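Peer 1: quick one, structure for this:
(chains A, B, C and D)
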Protein chains: 2
Amino acid sequence: MPVLIVEVAKQAQVSIATVSKVLNRAEGARVGVETRERVLRVAAEMGYQPNRMARSMVSGRSNTIGLMVSGLENPFFVALMEALERQVNLRGYGVMLDVAPSEKGTYYQHGMIRGWPVDGVVMWAFSNQLASSFLGPVADELPIVYVGYPREDGADWVAFEHYKAGRLAAGHLIDIGHERVTFVTPHIHDDGTVMDDRHRGCVDECRERGALCDLFAMPQHQATREAAFKTGRAIGALLSADRPRALVCHNDLLALGVMHGMRSAGVRVPDDVAVVGFDGIEEGQYQDISLTTVASPLEELASAAVTRLIEILTGSEGDPISQTIEPRLRIGLSTTGRTQEV
Amino acid sequence: MPVLIVEVAKQAQVSIATVSKVLNRAEGARVGVETRERVLRVAAEMGYQPNRMARSMVSGRSNTIGLMVSGLENPFFVALMEALERQVNLRGYGVMLDVAPSEKGTYYQHGMIRGWPVDGVVMWAFSNQLASSFLGPVADELPIVYVGYPREDGADWVAFEHYKAGRLAAGHLIDIGHERVTFVTPHIHDDGTVMDDRHRGCVDECRERGALCDLFAMPQHQATREAAFKTGRAIGALLSADRPRALVCHNDLLALGVMHGMRSAGVRVPDDVAVVGFDGIEEGQYQDISLTTVASPLEELASAAVTRLIEILTGSEGDPISQTIEPRLRIGLSTTGRTQEV
DNA sequence: ATGATTTGATTAAACGTTTTCCCAAATGGG
DNA sequence: CCCATTTGGGAAAACGTTTAATCAAATCAT
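Peer 2: Residues are numbered from 1 along each chain as shown, chains lettered A, B, ... in the order given. From the prediction side, this is the model:
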């Protein structure tokens, strides 16, 4: 039913080879200007769209990029995905989505990528080691640009400066007078993870400026809204004296959950407890008490990553990218506001 | 570099045709039990993965399904997407993601679907007419299951009962004593849209039970968090006498924005104004004032839609699906709670 | 034991492109 | 005017599978 190249060729009175050359504007292909125009016109008239599978077979390229993220519960990843998708489409590529089935599952076992026609992969790198084990053998067969966390194996990556972000968060709290900062986290930290970097930044900033930094581990050990909310309620139930006064939460999703949980338990934010998050998700801005956060500029990262990946794909090699992107403190009411008196 | 079928065939001492038959467990294919096992073993040993493009070329199928949604700002769509992706992967298919570039843009122009190797499409149907115009000619060439809104052209669809949801929302407010309900919406309503159905349900319920129902159009005419937040502030700025007492917002995203906007302007929820949304997004549950909502059971819809699509794809025809899914009222503090006294 | 059927496996023809190689015509230089 | 080069375009070989058409061997009924 779809129109084939052979029909276009017939209509334009040329061979299919010529049609192909015109449509792909190949480099070494020489074709007369008037035949070129004729072919172009006919192809447009007939609404010809090359069959991508056939094209892929012979060219070995699919013009499709795999997008691998670890889950969509956190709006930050959704925003990241949107940014990446935008960038990918902008360059004429398609997107193959792959959401890791579970925290434990690996993409490789998941089987989406193996044998699937993707030319390259943009992958969210949780941490230093994990990422490649998630990809399995594929990591060696396919061009990959890792985003989110830096790598040390010479692979391409674009990452946020999580350590610096940690310092910014703690620094802000110290600036406004806090002397004790509590870092809220769902997991025990591994070395070389986003969490660890943020935490270390927080700790170092506190130490240097004479503040205390302790750790509050969420009972459920899960990075979900629900767990965060319950954690907030638990914190709210603490005697006022035991209660931390300034919270740095591992990310905005958790910060919001914790904040709401505490408030639902009668804690005032920021009067009783100040809250800071990371990522800069939109949701945080449109709260009655807007969330102070250290934002990670997504578009920059997406653009750099995709640009590089396509560079690799089109053969214009160049050096591997290893780019860090500066986080930005965005002050909201959750640290500096005053609860509305009604 | 990847292992080819011909290598498997050589290793197993059979023809490639035999390997193919074994691996596809085709119906009419007869192959001896011991060769079958040998092939299976060898293929596994060598880690053979069929090249999906080659397979697609000849079979005409790609085992990939297009997922078309209108945007990812609303967490409801993200959740829908996740549910659909889960269902699709469960059945061994891949997912090609297509996010409409803008409200005005059409998928067809977007060009992702045309010529892309998808066997079928699951598409979020905004309304009755719009959906097919978004798809363009593709609508006739590809199996499509529409989700979200019912259709009247005999196409396959699985939809929520938005009208009934509207009645549930208004009904709940009337139950708890409200006599005037204000429907908050970003757009002027078209006939046969989700918005219109919800609104009509709301209006009818009010009329039947002797309550008043009026309309509040958001100044920005956009279904975004920001617009909703500003709308909330605007409502908060109204003199207490003019202020509506019970809001039904077109969806949870807006309800949350409006709620936070109002509260940031000093309005107490639900004491001063009660708020109801639609969809049942997770975010609404983990607020200090949890959001009352009419939830749409996603998994049910996703499962039904994907099941049907695969049914079409595998040729086991059966009748077009036209299934409605019952909404469920979930009562939160935004209508029945009392603001915490601190 | 013989012809008819079933079983097991092979050969070869697709699928719709891209791309390499090749050829004819046109152009250029001397 | 002849040879070398360039230019424009076509023929045909891939690409890695699936599947229809065959075919030989084995089984079966008579």
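Peer 1: so where's chain A shaky on pLDDT?
Peer 2: Across chain A, the ranges flagged by pLDDT under 70 are A:26-28, A:99-117, A:127-140, A:317, A:338-342.
Peer 1: what about the helices in it?
Peer 2: Listed from the start of the chain, chain A has helices (DSSP state H) covering A:5-12, A:16-24, A:33-46, A:52-59, A:75-90, A:107-110, A:130-135, A:138-141, A:162-175, A:194-208, A:225-237, A:252-264, A:298-313, A:333-336.
Peer 1: which of those helices sits most buried?
Peer 2: Between the helices of chain A, the one whose residues have the most neighbours on average, counting mean count of other CB atoms under 10 Å in any protein chain shown, is helix A:252-264 (a mean of 27). Using the backbone N, CA and C atoms, a C-beta is placed for each residue, glycine as well.
Peer 1: show me what contacts residue A:289?
Peer 2: With contacts taken as CB atoms under 8 Å, 6 or more residues apart in numbering or on different chains, residue A:289 has the following neighbours: A:259, A:263, A:269, A:270, A:332, A:333, A:334, A:337, A:339, B:264.
Peer 1: separation between the fourth one and residue A:332?
Peer 2: Remark: distance between residue A:270 and residue A:332 (CB to CB, to the nearest Å) = 9 Å.
Peer 1: before we move on, back to that, looking at the contacts of residue A:289, spot the one nearest DNA strand C.
Peer 2: When those are compared for distance to DNA strand C (CB to the nearest atom of the strand), residue A:332 comes out closest, at 51.2 Å.
Peer 1: could you pull up phi and psi at the closest one?
Peer 2: Here the main-chain torsion angles of residue A:332 (degrees, to the nearest 10) amount to phi -120, psi -170.
Peer 1: how about residue A:92?
Peer 2: Dihedral angles phi and psi of residue A:92 (degrees, to the nearest 10) take the values phi 80, psi 10.
Peer 1: any idea how many residues pack against the closest residue to it other than its chain neighbours?
Peer 2: Distances taken as CB to CB, 6 or more residues apart in numbering or on different chains put residue A:63 closest to residue A:92, at 6.8 Å, once the chain neighbours are dropped. Around residue A:63 there are 18 other residues, counting by other CB atoms under 10 Å in any protein chain shown.
Peer 1: test my guess that residue A:63 contacts residue A:118.
Peer 2: No. With contact defined as CB atoms under 8 Å, residue A:63 does not reach residue A:118; the gap is 9.6 Å.
Peer 1: distance of the nearest residue to residue A:9 once chain neighbours are set aside relative to chain B?
Peer 2: Computed as CB to CB, 6+ apart, the closest residue to residue A:9 that is not its neighbour in sequence is residue A:16, at 4.4 Å. Counting by CB to the nearest CB, to the nearest Å, the separation of residue A:16 from chain B is 16 Å.
Peer 1: mind listing what residue A:16 touches?
Peer 2: For residue A:16, the contacting residues are A:5, A:6, A:8, A:9, taking CB under 8 Å, 6+ apart as the criterion.
Peer 1: now render these as TSV, adding distance to residue B:152.
Peer 2: Listed next are the contacts of residue A:16 as TSV, based on distance: CB to CB, whole Å:
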residue	distance to residue B:152
A:5	38
A:6	39
A:8	37
A:9	42
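Peer 1: and these, which is closest to chain B?
Peer 2: Distance to chain B, by CB to the nearest CB, is smallest for residue A:5 among those, at 11.7 Å.
Peer 1: dump the residue contacts of the closest one.
Peer 2: A:16, A:19, A:20, A:48, A:50.
Peer 1: look at the last one and say how many residues are nearby.
Peer 2: Read it as residue A:50. Counted with other CB under 10 Å, the burial measure for residue A:50 works out to 18 neighbours.
Peer 1: hmm, residue A:8 and it touching each other?
Peer 2: No. With the criterion set as CB under 8 Å, residue A:50 and residue A:8 do not qualify as a contacting pair; they are 9.8 Å apart.
Peer 1: now do the contacts for residue A:202.
Peer 2: With CB under 8 Å, 6+ apart as the criterion, the residues that contact residue A:202 are A:166, A:167, A:169, A:170, A:181, A:183, A:213, A:248.
Peer 1: if we can go back for a sec, and which of the contacts of residue A:16 is nearest to residue B:68?
Peer 2: Using CB to CB, residue A:5 is the member of those that lies nearest residue B:68, at 26.9 Å.
Peer 1: please tell me how far that closest one sits from residue B:248.
Peer 2: If you measure residue A:5 against residue B:248 using CB to CB, the figure is 55 Å.
Peer 1: pick out the residue closest to the middle of chain A.
Peer 2: With distances taken as CA atoms, centre = their mean, the residue of chain A nearest its centroid is residue A:80 (3.9 Å).
Peer 1: grab the nearest non-local neighbour of that residue.
Peer 2: residue A:298 (5.6 Å).
Peer 1: can you pull the contacts of the one you found?
Peer 2: With contacts taken as CB under 8 Å, 6+ apart, residue A:298 has the following neighbours: A:79, A:80, A:83.
Peer 1: so the last one versus chain B, what's the distance?
Peer 2: Okay, so that is residue A:83. Using CB to the nearest CB, we find residue A:83 at a distance of 10 Å from chain B.
Peer 1: and for the first one?
Peer 2: Residue A:79 sits 8 Å away from chain B, taking CB to the nearest CB as the criterion.
Peer 1: could you check how far the closest residue to that residue other than its chain neighbours is from DNA strand C?
Peer 2: Leaving out its chain neighbours, the residue that sits closest to residue A:79 by CB to CB, 6+ apart is residue A:298, at 5.7 Å. Separation of residue A:298 from DNA strand C (CB to the nearest atom of the strand, to the nearest Å) stands at 33 Å.
Peer 1: with residue A:125 instead?
Peer 2: Relative to DNA strand C, and taking CB to the nearest atom of the strand, residue A:125 is found at 31 Å.
Peer 1: who's in contact with that residue?
Peer 2: Applying CB under 8 Å, 6+ apart as the definition, the contact partners of residue A:125 turn out to be A:131, A:146, A:147, A:148, A:149, A:151, A:157, A:159.
Peer 1: tell me the one of these nearest residue A:254?
Peer 2: Distance to residue A:254 across the contacts of residue A:125 (CB to CB) is lowest for residue A:148, with 16.9 Å.
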